[in-house]
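Visitor: Here is my input, please return the structure:
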Amino acid sequence: MTRADRFLYHQIHPVKLVTDFTTSFASTWLLWQARWVSAAVVAFAPSIAVSVLVLWRADVARLSRTPMGRYVATFMTRKVEGIRLAGQAVMWAGAAAHILWLIPSGFMIVVFAWMGGLLVPDRPPNTVSEPG
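Guide: Numbering: from 1, shown residues only. Predicted structure coming up:
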């Protein structure tokens, strides 16, 4: 498994997903409270630490053989990852500016980025090497 494959599949490790989901909302709440430094630490430190741990210790090759692994291998491109980040940025902007409707809007951008392959199933596959 290549380094690029490991980085792709680590995104669907359960610990990584729970960490990212939790820190997304915690950092958004902290920005609403104008706690900028705390928000930045919560937004990035746990996710980076969990990524390092998962990449170092987890069997991400096993994840590549799951239905979710096949899904991200096909549809999780850099563009989609960028859209996910943009959705998070919308959430943060909404929280920082106290524009409440931006928070669920940003969340929906993230959700639709994750679900894009279900919405447009005939998109060409990603260029990740075959699992195994």
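
Visitor: Where does the prediction get shaky in this protein?
Guide: Low-confidence segments of the chain (pLDDT under 70): 121-132.

Visitor: Could you list every helix and strand that the lengthiest helix in the chain packs against?
Guide: Of all the segments of type helix in the chain, defined by DSSP state H, the longest one is helix 36-57. For helix 36-57, the elements it packs on are helix 3-10, helix 14-32, judged by 3 or more Cβ pairs under 8 Å, 6 or more residues apart in numbering; DSSP states H and E. Placement of C-beta: from N, CA and C, glycine included.

Visitor: With distance to residue 66 as added columns, please give those helices in a markdown table.
Guide: As requested, the helices and strands packed on helix 36-57 are exported to a markdown table (distance: least, Cβ to Cβ, whole Å):
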| stretch | distance to residue 66 |
| --- | --- |
| helix 3-10 | 9 |
| helix 14-32 | 11 |
